[in-house]
Structures are given as C-alpha cells and as structure tokens.
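Colleague: Show me how the following folds:
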Amino acid sequence: MQNNASTQPDVVKSRSISPIWFLPFIAAILAIWIIFQNLTHKNVEISIHFTNAASIIVDKTKIRYKGVSVGTVKKIQLDENNGVNVIAEIESHATFLLKQHSKFWLVYPKATLTSISGLDTLFSGSYIKLLPGDGEPATSFTATVEQPISIPDNALLINLKSKSAASINVGTPIFFKKIHVGEIASVKLDKQGEFVSIQAFIEKKYSHLVKANSKFWNISGLNANISRAGIDFSLDSLTTLIAGGITFNSPESSSPLTENKVYELYDNIKEAKQGLNITLKLNNTNNLPKNAGILFKGHGIGRLNSIDYDTEKQQFIAQATINPAYADLVTENATFWVEKTSVSFSKLENLGNIISGDFISFNHSDNYQNEQAKTTFTISKNGASAKDDLLIKLRADQANGLTEGAQVSYKGLTIGKIASIKLTSDNQNIEALLSIKDEYAYLITNKSKFHLLSGVNVKASLQGLEVSSAPLQNVIQGGVALYNPPGTAKTDKDSPIKNNSLFYLYATKEMAKLGKHKFTAPIKLSLLSKEAPTVSAGSPVYYQKLKVGEVNSVKLHDSSLMQTNIQIDPKYKHLINNKTIFWNSSGIQVNAGVSGLEVNADSLLSIAAGGISLGFSNVAVNNKVSSGQYRLFDNKTQATQPVQQINLIFDNAYDLKVGNKVKLKGLDIGEISELSLDNQNNVIATLEINNQYFDKIAKQGTRFWIVRSEISLSGTKNLSTLISGVYLNTEPGSGQKTTRFKGESAAPTLALEQQGLTVVLLADNAGSTDVASPVYHRQIQIGEVTEKRLQKDADGVEILLNIYPEYAHLIRKNSIFWPASGFNLDIGITGIALTSTSLTSLVKGGISMSTPDDEKLQPASKNNAVYSLKTEMDEDWLQWKLKIPHNN
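Modeller: Predicted coordinates for the structure are as follows:
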C-alpha cells in the first residue's frame, strides 16, 4: 500500500504557556490579598477605665454602637488609681469610631421615677455602649458614669441662670405651648457659686421661637390655687410632675435673639410676670389665705404673694402684686379692706369665703389722676365700731367658735359684735374685744356671763336624742351669747361697766350657769402612738366607763408619731400620775374562738365617735416615751401587759423601718418600735417583744438578721417581702439573759447544726464558685463554700469550705478537690455529649472531691487543712471507691 503524503499528520511543537500554570498564579494572588486584608483590617485593642467592673465579664461583655456589636471585653486589670482597666478588642471595621473624645459607658438595668432603661440586659447581660467623638485616634479612654446627652445637629444653644436647681436636671424637657422643643444639657454652679448656670438646647425647627425678650419659668410639679371661684389645680403634664419641666414665651414685638444672651429662669409664672409691687399692713389674718385675691368692683386685679409678722410693730406685713393695667389707680388716697362673710336673715354676703377664705377689696380715689403714686397701705376695718359703743374684753382658753365680725346676742337679739381677736400678752389665752351697742350697754353688769353660741349640739341617751342648734349665722360664723342670771337687773346703785372690763368666756350655757372653774383650765395631756386612733375632736375619755375628759385634736408629732391631745376635767386631776396608762377603746373589739364569738364595746358613743380609756398599773410599765409624753396603747391588753424591749446594733439601717415585724419560726413575736443613732453613729433598732417570747430569745447567742427578697439565677427567695416589707428573723441562743445584740444584715451562712470541718483550697482564681456553692462527693452535697478571699501576697485565692459534721470523716489527707461547675461538651463521631454534675452546679458552680482507692487509708483531715484545687477533672477519679468508715 502506498503512503499518501497528504494523509500524514503534521506534528508541530507549541510555543504557548499551558493553562495549568494559571492555578498557582491565582493562588498567589489570593494569598497576597489575604495578607493585605489582615494587615489593613486588623482588630484594635483599647483600654477603658471604669470605677468598678461589676457585671462586666471577660469574653462575654460586648461593646455596641447603634445596636451593632463592634468589640468584646478580653481582659480586666486592677488599676493603681482606684479603679479597673477593661481591655477590649474592637473589630477592624469599627476602628474609625475610636477618637480622642469618643465616650463609653456601661448599660445595665436601671429604673427611676421617669424612665426604665436597659431592660434588654436582663437576658443578654450588661454591655458597653460607644458614642463616637472627634479628635485624634486614641486607644485609651475613661468611661462616663451616665449616658451623655446627645445634642441634635444645628440645635440652638441657650444659657439660663437660676437661684437654685430645684427639680432641674440634665434631660429636663423644655416646652413651648406644651410642645416639647428642647432639653437641659448641663446644670452647674457658676465660678463664684452665686447662681446655677444652666445650658439648654432648642431643636433647630423651633429655634425661631426664642427671642431677646423671651421669659423662661419652671413648671415642675403640681400647682393648686384656691380662689373665690373654687379650687384650681394646675398640672402641665405627668412628665413635669415627675421629672420637672421648663416653659417660655416670647412677645411678638420682641427683637431677635442676640449672642451670649443669658436668660433668668423664674420659679413660676407669677414671678415671671411684671406688675406693681405693694405692701399692705394688717392687724390679723383670720381666714385670709396667703394667695388671697385683690378685687376691684368684683374683678381681680392682683394677689397677695406673702404674709409675714413684724414683731417690733406687732402687725402683719403682706406683699402683693397689682396687674400693670391697674397700677395707675393705686395712689395715695386709695383704700384696701378685707371682705368677710356676712350671714344673717337680712343679708347674705361673700358665702364663697367659707371655702376659699376672705379676699381684699380695693377702691381708688375720685381724684386719682392728680394724686401721687403710693406702694404702702394699711388695711382699713370694714364697718368699724361706733364711738359710743361699750367695749369689753373676754378671756378664753382657745379661739374655737370666735370670728371677727360675729354677732353678740342676748335671747336671740343682736346687741353687738366681736371687734377683734388676739392673744394675751403672755400668749397663754385668747382675748376677744366685744363692741356692745350703746342702747344695750345697760344689760352688761358685774354678774353677767358670756358663752359660745355656735354649731349644733347632739346629746344621745337611753331617754332619746336631743338636738339643739344656734342660729344659722352662728353655725357658720360662730358667736357669743350673754347670760344674765335671774335677779341681775341693773339698778341705780350699780356702778356702770367701764370700757375694757374683763369677763370669762364659757364653752356652753350650762357651764356659764354653774360658773365653776371660772379661770381654771382643764388638765391638758399629749398621748403618742404609732398610728392615729379612730377618734376625733370631742371623743370622750373614760375612767371605769365614766367620762372624765375629751379629745381636743389629733396631729403629727415632730418624732413622726401620732399625737392625740386630750383634756381632763379639773375635778378628775387626781387620776393623772406616774402609774396612769391610756389605751384606745374606739369601736368594737371582736374575739373569735372555739368557744364562740365575743364582742366588746365600751359604749355606744365610743362606737360612733371613738374614745380613749385610762386606768392604772401597779407593775412596771413603759407608759411614757423618752420625751415625757404618755404612750397611747392600742388596747387594754397591751397597756396592762406591756411588751418588753430588746436593742439591736446595726452598721446602717439598710431597709429597716419602724413597724417591721420580728419573727421566730414564722410566728410574729414583736416589731421594731424605734430607729436611732448612738454616739458611735451605729443604728440602734429597738424591738418590742411579746411577753410570752421575751425570755426565750433574750439570751446570749441569739441571732437576729434581716430577711429580704433575693432574685438570682439560682432561684428566688422571700418574694413576699416585696409587698409586706423586710422583717427580722431570730434564732434563739442558750446563754445568760441580755437585751443587747449585734444585728446581721443577712441570714447566717450556716446554721449552728451545720457547722463542721473547715477546709482551705488554694487556686489560681475563684472560677465560677461563689459563697454557698455546694461541695459534692459522689454527687451528694457534703458541704458548701463559706468564703472566697485573696491570698496575702495576692498570687492566688483561698476558697474556704465547710464540710457538714456528718461528712467530715470523708476528708482525708490525700483527698483531691476539683471544680464541678458548668458542663462538659464532647463532640465525636457518634455525636455530641453534654454532661453536668447537677443543675445546681451548672447555675451556682460547685466543687467535687474524692479520695484515691489505690493507697492506704490516710488519717482524717484536721480543721483548716490546706489543699490545692485541681484545674481539671480526671475521669479515673470518678471510679475511686475507697471505703471510709465513719468512726475511723
């Protein structure tokens, strides 16, 4: 077969590069790119100084910016300057945030009256928040205590000054016509300390509202104004009630804001307004409120600002402000007078004053346009007494039922009025000046008597109900009545009664008839109690169910106790001595038992109006308080079988309050009656213990501790104290009798019956163990951690264990201890295995122990023996099964 040259293949040697060589080339480029990325996007390590590292956890606490995690805490170091340095690693993409004025602060759960913040940290844990600043790049920062105020871009900054910073804080809102337009950015004293300098910002869209003549004032809290129209409550918003607030207004004609303008911050809107300030002089202020209005022909033109007493001139000085629109009417011949209530069958005037108080009327002079302005005036008397009227004086124990202008009557006929009321020179009694009309002056003789004529008198008895009432005018305004005994008609031989003659004012007509104890005051006593008794003025005071006195008033004493003022009739003064005891006998006392229902009540009147009883005690009784007043007991049993006292010493008062209960095995055995400080500034809590328990706990060795609610990952305790308040728990001792003890702020770590062998473990760090963490042997708790502390040279920690007495023999000289905290996670071909000693150790941490079984049984451990805490567990230790007899 012949070869055809055209069918033979041509072999040509290629000169191009094989594509296979592109693979190492691309790999080289990727390697260079990875190296470049690592060099240009390297994480940055920074240091943040905190005062303490509470709730900051290494490798867990994050650093966030706008909700994005940009770093993690890597290390916590003690600082030489009283604090800690937190070393954190910031991710490369966020390093541009690290400037000289960047700010860091810790976010944790926080609740105040105005806000609740950081609730997300309840589940995720606390974190550190970052706010970028300006300046040069930096890696060392100091954390701020509070979240800084963020001022919006292009906001208008203004400066205010005030006499005080009351209710003004950073973040306090600023309103304009109740629209939120800005906030307070800083509050501080000026350099001289003369006033408070306040810087605020107004959002850009509202900046045009601030002008040169703008006025700012405080609108914090609740304002109440009682006027003739009723009671007016003013509350701008709930926010201003709690957090405070500022508002302002700007006159339309005002010029634009000038640079460096400092505005005055007024305390209220009244202070911010301009007006004519005047001074008014008064002899008395009966029924005249502090902010009484000034009216001109029924129209309000001003208001009193303050009322003070001038001791030298013996008169009241009132400062008032008149509306500028009426300032021209206040001239030298203008007159001011007090408008009082007038109630009679012929006329009714100013009935609104009964609720709102009196007001001041004003009238200008007919020629006021040509008169000089004047700013000081004396309040004139409206309807002064006639020159020929007889003026006599009445001496009274108190001013109840007396009102200036009230009527003086005789058998229902008006014969005069009360011209004035004042204190006597010795300040012990009330002196009323009566103006008797001239045509009735002959009725007043040396035998005349006067008594109060006011109110409604009700007398209830088995015979029926008797109601007597004074005229309507006297019910509302009070008044005085004249009583002339039979045969006291004035004769020609009687010398006329002179002006300013003195008479005694009796409380009732019956007392005036008897005329007994004319100038003898009843015995007045003050009774102190923790709670106000269910009594009121007029409630009876009994001795053996005989009324011997009555209650005058109930008020708050300076010691924060309730003070009940009573008076005892002079003829029963022998009942008051050092053995006298008082108790509340108000209402009905019900005792229910197996034998039936027992109901006790002192009297029908004590059920309706309340009452107080007195008696005597022949045994030692704590019937008086330290200041000398009598003690008012809650009931007769408490008064006749008084509680005994125990004193506890605390470093501080913690959550203790007067009234907190004292308990023994769940039983209420007493309560805290007083909290005070001794000479060493220790808190002394005085306990009142019921008699049946006193001898049991008033012994040396008795322990008292505060029980409060506890919430942690390991569980909750005593949540009921969130509602009922904390209480004191007791553990009786067995020593000699004593009444003075050292109080403890928390429950004892160990009960007496659990105190056993003390073991000391040495470790590099405390790990996850904590006080009360369990100690296990074969997963049985045999003890607990009682204390953690640094070694003297601070190169490690000491962990103190208490091994319960019944397990103390398990601890031998060669015993081994290792952490039982957390869990172990094993990942293998067969799957994932999660193991933990117990749920308790997973949450609270813990320590396990065992003793080798391949050695001879070693002697038992001595108290305070020292062992090393192994860092890791060996599986072989769990297989040791050494038999350890209890008596060996």
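
Colleague: use CA for all of it now, contacts and neighbours both
Modeller: OK.

Colleague: contacting residues for the residue lying closest to residue 797 once chain neighbours are set aside?
Modeller: Using C-alpha to C-alpha, 6 or more residues apart in numbering and skipping residues adjacent in sequence, the residue nearest residue 797 is residue 790, 4.3 Å away. Residue 790 makes contact with 796, 797, 798, according to C-alpha atoms under 8 Å, 6 or more residues apart in numbering.

Colleague: same deal with residue 483?
Modeller: 410, 448, 449, 450, 451, 509, 512.

Colleague: can you check residue 707 too?
Modeller: 718, 721, 726, 727, 728, 729, 746, 747.

Colleague: Now intersect the contacts of residue 790 with the strands, please.
Modeller: 797, 798 (DSSP state E).

Colleague: Please, a PyMOL command that selects the buried ones among the contacts of residue 790?
Modeller: Only the buried entries of the contacts of residue 790 go into this PyMOL selection, using 16 or more other C-alpha atoms under 10 Å:
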select buried, resi 797+798
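
Colleague: Let's have the contacts of residue 790 in TSV, adding distance to residue 661 and pLDDT.
Modeller: Output for those, formatted as TSV (distance: C-alpha to C-alpha, whole Å; pLDDT from 0 to 100):
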residue	distance to residue 661	pLDDT
796	43	89
797	40	91
798	38	91
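
Colleague: ok, the contacts of residue 483 vs residue 496, which is closest?
Modeller: Nearest to residue 496 out of the contacts of residue 483 is residue 448 (C-alpha to C-alpha; 12.6 Å).

Colleague: Just give the number of residues close to that closest one.
Modeller: Neighbours of residue 448 under the rule other C-alpha atoms under 10 Å: 16.

Colleague: phi, psi of it?
Modeller: The phi and psi values for residue 448, taken as degrees, to the nearest 10, are phi -70, psi 150.

Colleague: Which pLDDT value goes with it?
Modeller: In this model, residue 448 is scored at 88, pLDDT.

Colleague: which ones are touching the nearest residue to it once chain neighbours are set aside?
Modeller: Leaving out its chain neighbours, the residue that sits closest to residue 448 by C-alpha to C-alpha, 6+ apart is residue 484, at 5.0 Å. Neighbour list for residue 484: 447, 448, 449 [criterion: C-alpha under 8 Å, 6+ apart].

Colleague: would you turn those residues into CSV with distance to residue 885?
Modeller: Compiled in CSV, these are given as follows (distance: C-alpha to C-alpha, whole Å):
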residue, distance to residue 885
447, 107
448, 106
449, 102
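
Colleague: Which single one of those is nearest to residue 584?
Modeller: Using C-alpha to C-alpha, the contacts of residue 484 come closest to residue 584 at residue 449, 36.8 Å.

Colleague: Would you mind measuring from the closest one to residue 397?
Modeller: Residue 449 is 15 Å from residue 397, where distance means C-alpha to C-alpha, to the nearest Å.

Colleague: between the two, which one's more packed in?
Modeller: Between residue 449 and residue 397, residue 449 has the larger neighbour count (other C-alpha under 10 Å), namely 22 against 17.

Colleague: Surely the more buried one and residue 482 touch.
Modeller: Yes - contact criterion C-alpha atoms under 8 Å: residue 449 and residue 482 qualify, at 6.0 Å.

Colleague: Would you map the helices across the stretch 1-150 of the chain?
Modeller: Taking DSSP state H, counting those that start in this stretch to define them, one finds helices in the stretch 1-150 of the chain at 22-40, 121-124.

Colleague: so who does residue 684 touch?
Modeller: 647, 648, 649, 650, 675, 676, 677, 678.

Colleague: With residue 618 instead?
Modeller: With C-alpha under 8 Å, 6+ apart, residue 618 has these contacts: residue 579.

Colleague: is it fair to say it lies in a helix?
Modeller: No - using DSSP: H, G, I helix; E, B strand; the rest coil, the secondary structure at residue 618 is coil, not a helix.

Colleague: Which segments of this protein make up each domain?
Modeller: Listed by automatic domain parsing, the domain ranges of the chain are 44-142, 156-271, 274-378, 390-514, 523-640, 644-744, 754-879.

Colleague: Give me the three-state assignment for residue 567.
Modeller: Using three-state DSSP, the structure places residue 567 in strand.

Colleague: With adjacent residues omitted, what lies nearest to it?
Modeller: residue 524 (4.3 Å).

Colleague: Pull up the per-residue confidence for that neighbour.
Modeller: pLDDT for residue 524: 90.

Colleague: What are the buried residues along the strand or helix carrying it?
Modeller: Assigned by DSSP states H and E, residue 524 belongs to strand 523-529. For strand 523-529, a neighbour-count test (16+ other C-alpha under 10 Å) marks 525, 526, 527, 528, 529 as buried.

Colleague: Parallel or antiparallel, list what pairs with it.
Modeller: Paired strands of strand 523-529, with direction, are strand 562-568 (antiparallel), strand 630-633 (parallel) (DSSP bridges).

Colleague: Which of the ones you listed sits closest to residue 26?
Modeller: The closest of the strands paired with strand 523-529 to residue 26 is strand 562-568. By C-alpha to C-alpha, the value is 91.7 Å.

Colleague: Contacts for the following helix or strand past that closest one, please.
Modeller: Per DSSP H and E, the first helix or strand lying C-terminal to strand 562-568 is strand 580-584. Strand 580-584 is contacted from outside by 533, 611-617, 623, 630-636, 639, using C-alpha under 8 Å, 6+ apart.

Colleague: for residue 307, what are its contacts?
Modeller: Neighbours of residue 307 in contact, by C-alpha under 8 Å, 6+ apart: 290, 316, 317, 318, 319.

Colleague: Now the last one: closest residue in space, sequence neighbours ignored.
Modeller: It refers to residue 319. Nearest residue to residue 319, sequence neighbours excluded (C-alpha to C-alpha, 6+ apart): residue 279, at 4.8 Å.

Colleague: Show me where the stretch 701-850 of the chain has its strands.
Modeller: With DSSP state E, counting those that start in this stretch as the criterion, the stretch 701-850 of the chain has strands at 703-707, 710-712, 715-717, 727-731, 740-744, 757-763, 774-777, 780-790, 797-803, 816-819, 824-828, 831-835, 847-850.

Colleague: Locate the closest residue in space to residue 431 that isn't next to it in sequence within the secondary structure: which element?
Modeller: Leaving out its chain neighbours, the residue that sits closest to residue 431 by C-alpha to C-alpha, 6+ apart is residue 395, at 4.9 Å. If you go by DSSP H and E, residue 395 is part of strand 390-396.
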